[in-house]
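Student: predicted coordinates and the sequence they were generated for:
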Amino acid sequence: MASEAHGAEEGGLVFHPMDQFIIKPLFGGDTIHWYTPTNATLWMALAVVAVVAMMVFGTRRRAVIPSRSQSIGELAYGFIYKMVEDVAGKDAVKFFPYIMTLFMFIVFANFLGLIPMSFTTTSHFAVTVVLALLVFLTVTIVGFVKNGAGFLGLFWVSSAPLALRPILAVIELISYFVRPVSHSIRLAGNVMAGHAVIKVFAGFAAIAVVSPVSVVAITAMYGLEVLVAFIQAYVFTILTCVYLKDALHPSH
Amino acid sequence: MATTTTDAASHAADAASAPGMPQLDFTNWGNQIFWLLITLVVIYFVLSRIALPRIAAVLAERQGTITNDIAAAEELKAKAVEAEEAYNQALADARVEAQRIIAEAKAEIQAELDDATAKADAEISAKAAESEKAIAEIRAGALESIQEVADATANEVVAALGGKADADAVTKAVADRMKG
């Protein structure tokens, strides 16, 4: 740390805010095969453990009067269930386990990533792109299976003047295919930016004069990141519900 | 100088891009996607097979319990109202019964009183009649006695005057006198 400070003062700031995102094999070695357990694997596994702890272990007593852990599990259940029902409609309830899976994974990956020295799986585009593509494919397939060619009505804005409709159709089509991009980059970008900024502030903390400001800034950023961790999971989930609504009821 | 700065800048850029954005290192995407899919599948099965049905059951059970409790409370409330009504009814009945008993008792007492009064009246009148009879007897007895005494006195007076008293004539004369 001291040498880093030295370097920072001398040779133009040397920070490594992105080092925290490097994927390393867990058990040594340099090559990463598709099956190699990495730090990403570890923190995904921990997310699974956290989900199981909260949703299965926490509710093991099946009490009518819930314990604290069971209340949290029920709260999460009710939160997402109501979101699916309100946003995507009653017939979307059969997708509830799927949406719940997405939400629980993202929210726990985000929160576990806030533990110092941890690895944030949702800061990687590989992860969020897969999540977003899963949603995109699900929504598209469900849309065509449920409505057949009628799903294309999503792009044909029947309330607009006839002359405008082809132009709007192109715009709608582009916006439809941009969805998975924005859906994935929004999540990974927010999470990555927050963590990188914290790391940058942490680099400044090595300079004695600015370290108090830096510590205050890190604290503030951390508070913000706690909010972002939840809000991004929420946003990802509610957008999934909105897209699902489009698939089930494609009329404008 | 200029070259050194550009050198330094390019060096810094090199240093920065050497790790670059690890997110854009596509060589490990396969690895991440593989483990992510496993993670999602595991979470999905845990949630859809164990956690969500369990929580749904608990919530349904709680809803049922609450509904039942509300129904039971309503039933108890209805029972309480019923009990109050029954109590009021009983109170009213008791009052009516009390009134009836009081009236009956009053009537009975009145009847007894009337009876006693009538009996007493009858007794009194019987006694009065008896007394009157006795008085009449006494009066009659007294008149007889007076006649006897007057008879005897008249006989004596006649004897004393030297006449020979005819007892029957004297008696007759006395009776005549007394009648007059």
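Tutor: Arrived safely.
Student: drop to CA atoms for contacts and neighbour counts, all remaining ones
Tutor: OK.
Student: average pLDDT for the host helix or strand of A:V51, rounded please.
Tutor: Assigned by DSSP states H and E, A:V51 falls within helix A:39-52. Helix A:39-52 comes out with an average pLDDT of 95.
Student: got a list of contacts for it?
Tutor: By CA atoms under 8 Å, 6 or more residues apart in numbering or on different chains, the surrounding residues in contact with helix A:39-52 are A:23-26, A:104-105, A:108-109, A:112, A:118-121, B:32, B:35-36, B:39, B:42-43, B:46.
Student: out of these, which are inside helices?
Tutor: Using DSSP state H, the subset of the contacts of helix A:39-52 located in helices is A:104-105, A:108-109, A:112, B:32, B:35-36, B:39, B:42-43.
Student: now B:R177: which helix or strand?
Tutor: Per DSSP H and E: helix B:167-179 holds B:R177.
Student: centre of the chain to that helix, how far?
Tutor: Put simply, helix B:167-179 sits 91 Å off its chain's centre (CA atoms, centre = their mean, to the nearest Å).
Student: can you go through the contacts of helix A:39-52 and name the buried ones?
Tutor: Neighbour counting with 16 or more other CA atoms under 10 Å in any protein chain shown marks A:23-25, A:104-105, A:108-109, A:112, A:119-121, B:32, B:35-36, B:39, B:42-43, B:46 as buried within the contacts of helix A:39-52.
Student: which strands or helices does the helix of greatest length in chain B pack on?
Tutor: Criterion DSSP H: the longest helix present in chain B is helix B:52-160. In terms of contacts (3 or more CA pairs under 8 Å, 6 or more residues apart in numbering or on different chains; DSSP states H and E), helix B:52-160 is packed against helix A:68-83, helix B:167-179.
Student: please repeat the previous calculation with a cut-off of 7 Å.
Tutor: Counting contacts by 3 or more CA pairs under 7 Å, 6 or more residues apart in numbering or on different chains; DSSP states H and E, helix B:52-160 packs against helix B:167-179.
Student: what parts of the stretch 1-150 of chain A come near chain B?
Tutor: Within the stretch 1-150 of chain A, the positions adjacent to chain B are A:18, A:21-22, A:32-36, A:40-41, A:44-45, A:48, A:55-56, A:62-64, A:74, A:97-98, A:101, A:124-127 by CA under 7 Å from any CA of the partner chain.
Student: among the residues you listed, which lie within helices?
Tutor: Residues of the residues of the stretch 1-150 of chain A next to chain B located in helices (DSSP H): A:40-41, A:44-45, A:48, A:74, A:97-98, A:101, A:125-127.
Student: which non-adjacent residue is nearest A:M192?
Tutor: A:S123 (4.9 Å; CA to CA, 6 or more residues apart in numbering or on different chains).
Student: is it true that that neighbour touches A:V191?
Tutor: Yes - using CA atoms under 7 Å, A:S123 is in contact with A:V191, at 5.4 Å.
Student: the more surrounded of the two?
Tutor: Ranked by neighbour count (other CA atoms under 10 Å in any protein chain shown), A:S123 and A:V191 place A:S123 first, with 26 against 23.
Student: follow-up on the earlier one: can you tell me which of the ones in helices among the residues of the stretch 1-150 of chain A next to chain B is closest to A:S182?
Tutor: Relative to A:S182, the closest of those is A:F125; by CA to CA it sits at 11.2 Å.
Student: pretty sure that closest one sits against B:P22.
Tutor: No - contact criterion CA under 7 Å: A:F125 and B:P22 do not qualify, at 9.6 Å.
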